[in-house]
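J.: no sequence on this one, just coordinates:
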């Protein structure tokens, strides 16, 4: 649908804006482009230009629009006005105040011409305007034909047509909008009207508008544009007589009367040349093209060509003369060539053999019926535009009722009482603008725009350094008084910092501003002996400044003593200075404890001059304090680490004290790995290939699998059913850390990082690649019941139904207790893996055997207790759970001393 001409746009702007909506590459563009005229018809910047100064700078912009050397659109502005019957003015102008003339057809490009039609109706009065603009091949002039038709029901009197323009040229170079302006011909003294506007820099260049018509008047408007007074301009045209001014240039025509159905045609041309003297000859050469009656033909008619407005008979085909066309001057029987355009987009117009034809286009072709409130019209078989549907008007706002206004060519919205519709939102009367507290919704005054809030309304100007901002009468937030920054301290200079959005404080040298007071440099904190004023560290907070009673780590040694000469000491080299370290020598015995023990006993136990809290062998007996601990082995009241007479020692150097590995009175001493070497002399107590010392980092017991047995006594540290020694041997053979997670396989429950636990995958080599499944990420073994028996063992592929050992209708693959003896399969497999072998040598694994030890008593009855304390659960112990005789222990298990720690005493 096509809208009326906008009040903020020139007629040319509207005319070309519609043309610019055609598909890119429309054939008309190339036809209108030449050396001096350039038609940029692509997108929103479509514009007609002449390169007046040959600078090729017309593509530059000034103020966001094409401005350099522009003739037809943008800057300068063009506009036209129609006036009839004295009181009714029908105009399409830039910045006009009257009623616009809606488009009824076009614009359409034909060859090097553009045609447009519009009609305005006001009751009985109606005027139809048909305009044609022809861009001639010499690129130095444009012919304009304006035909006004009385399409109303009453005669019209005093009919005027005025075209206005702004002759600015070359302002991209000169930045000067003035021209030398002169009316060189003017009826009734002359047979033609001709006005010229000239610039010398850049240039020279002269633009003219003229018509060979006694009804025409040339005029320069001293106030520029817009000029809407057609009748006044015609009655009193102004001639500046070559003065240098920034003015508007007009040509205006008058027809005394126009009967109903009658038409009047006005012809004129825009001409340009290098200087003012070149204009009149060029204008005269146009002949009948600018003549009122077509009888003033001269040698301007070109042989072999025919154009609208030239002398001929019949119609114009836009290219060359056809049969019946007359190329010679218009005589008594001659006429001006007529256009075949019927202004109907549903017909294809043609000229042939001197006659026009109008064939309907294909039915269903999109068209426009000229009604804003319909859309989607199509052409019917007869060549009429019809079938549109009502336009849907909906602004999406709950507070408005929407409708289509045909008279205004727009969607109309009625706002509910008590609401404003502003910035795409509904607001209740009195609501403030969320973006500006100085604007309100006043539904009674302006329901579609914000109104200023009452002057003095509180607001926020966005500046931290102002207070008490208020709104002014125009609706703007004005800054209040400067924010007062004053912390009332004599030792500070205060200022407001807008960048920081804060009050900035500068503290005088030699002071700290803390806790709301000025403190001199070096002064101690009133309650904390470890803090003081140290401006070099912080002038606005208390800093570390140890006093004579400061003890940061509460180890009973003041910080000053732990930082001799002001240099912090780190006795155990653990990167924590002694004044912050509660165990200065890192022997596992707190400094405070060592000092209290020594204070109670008196003196230096080994007389080496090193206090016990800094001495890793305080009693000098060769046994480290960390090993001896704070126990009292001989019961003499002196802790072992201070008692050289009861040094328990650590003969195998594995960090486990001898009296722990072989409790006094125990014979024989435990031998956990049963290798013939008792633990007290064995550096690898559990025989898993990892030295006991390494399994007790820092002398502290570690229990990786949380089974209650420390790693140094556990042959399967990670509890995955694969002995630590075996895992280490497998990894040594394959090399590296299978999953590169930094955790050795013997401590990793998923050694290959494939998401399947080692205890499920086991040491089988399913894919035969030489790597056991638990170390092979390419082989993932599943165990959906989590009993550590792989699914493919409990239900081999192709087996149907799956095995159900205990006959409880739950197949082993889904049963966490396969033999139904009340002892989970996972537990039975773990116990057997730790002890090794098949307890009763019957070839049936314990987790499928109801009497695993073959002693005649069911596992369900014996259970997992260890009645005889030999470290073997009853259900795996064929001894029947009877306690052992004598003082020995089987394998050292069950001796009650598997965990490390200080000896009793």
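T.: Noted; the coordinates are in hand. The shown structure was predicted, so the numbers you read here are calculated from the model rather than taken from an experiment.
J.: the strands in the stretch 501-650 of the chain, which residues?
T.: Remark: strands assigned in the stretch 501-650 of the chain by DSSP state E, counting those that start in this stretch are 502-507, 511-514, 517-520, 531-534, 538-544.
J.: tabulate those (a markdown table), appending mean pLDDT and distance to residue 366.
T.: To be clear about C-beta, it is placed using only N, CA and C from the backbone, and glycine gets the same treatment. Converted to a markdown table, these look like this (pLDDT from 0 to 100; distance: least, C-beta to C-beta, whole Å):
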| stretch | mean pLDDT | distance to residue 366 |
| --- | --- | --- |
| strand 502-507 | 94 | 64 |
| strand 511-514 | 96 | 79 |
| strand 517-520 | 96 | 84 |
| strand 531-534 | 96 | 84 |
| strand 538-544 | 95 | 75 |
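J.: dump those strands into a markdown table; add mean neighbour count and distance to residue 624 as well.
T.: Output for the strands of the stretch 501-650 of the chain, formatted as a markdown table (neighbours: other C-beta atoms under 10 Å; distance: least, C-beta to C-beta, whole Å):
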| stretch | mean neighbour count | distance to residue 624 |
| --- | --- | --- |
| strand 502-507 | 15 | 52 |
| strand 511-514 | 22 | 46 |
| strand 517-520 | 15 | 48 |
| strand 531-534 | 20 | 37 |
| strand 538-544 | 16 | 33 |
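J.: which one, of the ones you listed, ends up nearest to residue 834?
T.: Smallest distance to residue 834 across the strands of the stretch 501-650 of the chain (C-beta to C-beta): 54.1 Å, for strand 538-544.
J.: what helices or strands is that closest one leaning on?
T.: strand 502-507, strand 511-514, strand 531-534 (3 or more C-beta pairs under 8 Å, 6 or more residues apart in numbering; DSSP states H and E).
J.: let's go with 6 Å and repeat that
T.: Other helices and strands packing on strand 538-544, by 3 or more C-beta pairs under 6 Å, 6 or more residues apart in numbering; DSSP states H and E, are strand 511-514.
J.: gap between the most centrally placed residue in the chain and residue 455?
T.: Of all residues in the chain, the one closest to the mean position by C-alpha atoms, centre = their mean is residue 435, 22.7 Å from it. Residue 435 sits 19 Å away from residue 455, taking C-beta to C-beta, to the nearest Å as the criterion.
J.: got a list of what the residue nearest to the centre of the chain touches?
T.: Under the criterion of C-beta atoms under 6 Å, 6 or more residues apart in numbering, residue 435 has no contact partners.
J.: got a pLDDT number for it?
T.: Predicted confidence (pLDDT) for residue 435: 91.
J.: neighbours around the closest residue to residue 403 other than its chain neighbours, how many?
T.: Spatially, and ignoring its direct neighbours in sequence, residue 403 is nearest to residue 412 (5.2 Å; C-beta to C-beta, 6 or more residues apart in numbering). The number of residues packed near residue 412 is 14, by other C-beta atoms under 10 Å.
J.: what is the end-to-end distance of stretch 211-231?
T.: This stretch, stretch 211-231, spans 18 Å end to end (C-alpha to C-alpha, to the nearest Å).
J.: what residues of it count as buried?
T.: 211-213, 215-221, 224-231 (16 or more other C-beta atoms under 10 Å).
J.: please look at residue 133 and residue 115 and confirm they touch.
T.: No: in this structure, residue 133 is not within contact of residue 115 by C-beta atoms under 6 Å, at 7.8 Å.
J.: and the residue nearest to residue 403, its phi and psi?
T.: Main-chain torsions, residue 412, degrees, to the nearest 10: phi -110, psi 150.
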